[in-house]
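pasting the sequence and the predicted model now:
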Amino acid sequence: AVTGVQTCALPIYPLLSETIDYTTERTESLMGVFFFLTLYGAVRARDSRGATQWTTLTVVSCAVGMATKESMVVVPVVVVLYDVAFEFASLTDAWRERRALYVGLFATWIELGAIMWRWPRSTVGGTAVTPFVYLLNQAQMIARYLWLSAWPRALVVDYGRPKQLNVTDVLPQLALVAALGIATLALLWRSRRVGFLA
């Protein structure tokens, strides 16, 4: 019976186990909660009943998420892309109706900038890392995680400390990330809804 309880506590997909294996990674799951709460609130704020309350909840959720983890930085852009893909004919129409919401969401970038300036993350796992070296490591990890999403084999709990990489060390991974970004922009141009998913 105990084994069954322990098994149920694990996430369904093995790649996601990191968010519960490390106490420090709980920030990732918290950020995810505020990410989706922000997007949900933005969708609900279109309803004329309770629009002000939903708009307020959306901005507050985004602000709390920004204080949780830096990857929340994309959420204001995601909300705008959602609106243009599913709710409005154009960005101009979306801005005309949702200006207050957008201003509130993008203002949370000021909060994130202040947090990063005041408490910079200069170390990862006890190792000093420059933002550029961290970016190069992330390019490598994004490619690895994409592969593991399709073929979850040889998963590890800890990938170790960031490596001191050069651009030439991760050119294939950078090319992959760039190609995915270009493909997403092309999809957004051709089909907003499919592009939004990308």
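Arrived safely, thanks for sending. Computed from a predicted structure; not experimentally measured. Residues are numbered from 1 along each chain as shown.

with adjacent residues omitted, what lies nearest to the spatially most central residue of the chain?
In the chain, the centroid-proximal residue (Cα atoms, centre = their mean) is residue 71; its distance is 4.6 Å. Spatially, and ignoring its direct neighbours in sequence, residue 71 is nearest to residue 31 (6.1 Å; Cβ to Cβ, 6 or more residues apart in numbering). Every residue, glycine included, has its C-beta placed from N, CA and C.

in the host helix or strand of that neighbour, what's buried?
Secondary structure assignment for residue 31, by DSSP states H and E: helix 26-44. Residues 27-28, 30-32, 34-35, 37-39, 41-44 are the ones in helix 26-44 that count as buried (16 or more other Cβ atoms under 10 Å).

any stretches of this protein with poor pLDDT?
Flagging of the chain using pLDDT under 70 yields the residue ranges 1-25, 120-128, 157.

which parts of it are strands?
123-124, 127-128 (DSSP state E).

quick one: the residue nearest to the centre of the chain and residue 176, what's the gap?
Per Cβ to Cβ, to the nearest Å, residue 71 is found 19 Å from residue 176.

now swap in residue 111 and tell me
Distance from residue 111 to residue 176, by Cβ to Cβ: 32 Å.

surely the residue nearest to the centre of the chain meets residue 30?
No. At 11.2 Å, residue 71 does not count as touching residue 30 under the criterion of Cβ atoms under 8 Å.

where do the contact lists of the two overlap?
Common neighbours of residue 71 and residue 30 (criterion: Cβ atoms under 8 Å, 6 or more residues apart in numbering): none identified.
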